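Asker: got a predicted structure here, sequence first:
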Amino acid sequence: MRVIPMKEISKPVVFLMVIILLLGIFFRWANLEKKTFTGDESITSVRSSGYAYDEIASSIPRDRIITAAAIEKYRQIEPNKSLFDTIRVTANYAPQHTPLYFILVRIWMQCFGNSAMVMRTFSVLTSLLIFPVIYWFSLELFGSSQVAWMAMILVAISPIYIINAQVARPRAFWVLMILLSSLTLLRAIKFDNPKSWALYGITTALSLYSFLFSSLIVVAQAIYVFCSIKTYKSYLLTL
C-alpha cells in the first residue's frame, strides 16, 4: 500500500494540528489532582490493594459516621496483601472485570504511592500511548499520513477520551489494548508470517485480560480476516 506523504498538507495546517495535539495533552493533565475522587476510583484503589468488600464492611463500625480516614487504610498496599489477593478479589467480587488493569495499577501504586494523582497518572500515560498507536493503526489501514494525523487529533481532543484519561478506571487502558490488537492484526495480514501472528495472539490475549467485551472485538476481527481469504489459516493457528 502506498503511503500518502504529509508534505501534501500545507504548513499552516500542520502547525494547527500540532497545536491541537498539544492542547489534547494539556487537557489530560489539567487539574488532575483537584478533581473529586469518585466512588468508582475508590473501588479501583481498594481492589488493587487486595481488599474484599465484606472484609472492609465487617471492620467499619455501623453506629457512627464513616470518615474518610476510616477507610483510607484500605487504599494502602499492606505487606499482608499480595498480588494474588488482587486477582482473587477481582475474580470473586467483580467477575465482570478482568485482572490485568488492577494488577498493573497495584504495581504502579507500589512504585509511586496511592494518591489520586498517582493513580490517575497511570490512566493519563495510557491515554497518551494511544496517540502513536492510533496513528500507526490508521497508517496501516488507510495508507495515508493525513488520515493518521486526523485520527490522532480526533482522539486528542475528544471529550470522552480526555475524561477517561483523568479517572483511575480501565477505560483508556482497554482502548489501548484494542488498538494494539487491531494494529498487530493488520500487520499479521500484511506480512503473514509466524512472528507477526504470534504478536497478534499476544496482544489479543492482553486485550481479553483487559476487559471481557474485547471478545466482541475478536469476533469483528475474525470477520475481517475471513474476508481476507489468503490469511485465514494463519489466523486460526493463533486461536
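Answerer: Everything's here; your move.
Asker: can we go C-alpha only for contacts and neighbour counts from here?
Answerer: Fine.
Asker: enumerate every residue touching the residue nearest the centre of the chain.
Answerer: Closest to where the C-alpha atoms of the chain average out (C-alpha atoms, centre = their mean) is Phe173, at 0.6 Å. Neighbouring residues of Phe173 by C-alpha atoms under 8 Å, 6 or more residues apart in numbering: 101, 123, 126-127, 210.
Asker: so which of those comes closest to Arg88?
Answerer: Among those, Tyr101 lies closest to Arg88 (C-alpha to C-alpha), at 13.8 Å.
Asker: next, the contact list for the closest one, please.
Answerer: With C-alpha under 8 Å, 6+ apart, Tyr101 has these contacts: 170, 173, 210.
Asker: looking at these, which is nearest Pro12?
Answerer: Phe173 (33.1 Å).
Asker: do you know how far that closest one is from Trp29?
Answerer: 16 Å (C-alpha to C-alpha, to the nearest Å).
Asker: same check on Thr44?
Answerer: For Thr44 relative to Trp29 (C-alpha to C-alpha), the value is 20 Å.
Asker: burial measure for Leu83, as a count.
Answerer: Leu83: 16 surrounding residues under other C-alpha atoms under 10 Å.
Asker: and the pLDDT for Arg171?
Answerer: Arg171 carries a pLDDT value of 94.
Asker: quick revisit: between Thr44 and Trp29, point out the one with more neighbours.
Answerer: Set Thr44 next to Trp29 and count neighbours by other C-alpha under 10 Å: Thr44 wins out with 23 against 17.
Asker: for the helix or strand harbouring the more buried one, what is the distance to the chain centroid?
Answerer: When elements are assigned from DSSP states H and E, Thr44 belongs to helix 39-49. Distance of helix 39-49 from its chain centroid, counting by C-alpha atoms, centre = their mean, to the nearest Å, is 16 Å.
Asker: any chance you could list what contacts that helix?
Answerer: By C-alpha under 8 Å, 6+ apart, the residues outside helix 39-49 that reach it are 52, 74-78, 81, 85-86, 89-90, 102-103, 105-106, 114, 167-169.
Asker: output the next helix or strand after it as CSV, nothing but the C-alphas.
Answerer: For helix 39-49, the succeeding helix or strand toward the C-terminus, using DSSP H and E, is helix 53-59. What follows is helix 53-59, C-alpha atoms only, in CSV (Å, rounded to 0.1, in the frame of the first residue of the first chain):
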residue,chain,number,x,y,z
TYR,A,53,-15.8,-5.7,50.2
ASP,A,54,-17.0,-7.9,53.1
GLU,A,55,-13.6,-7.6,54.7
ILE,A,56,-14.0,-3.8,54.8
ALA,A,57,-17.6,-3.8,55.8
SER,A,58,-17.1,-6.1,58.7
SER,A,59,-14.3,-3.9,60.2
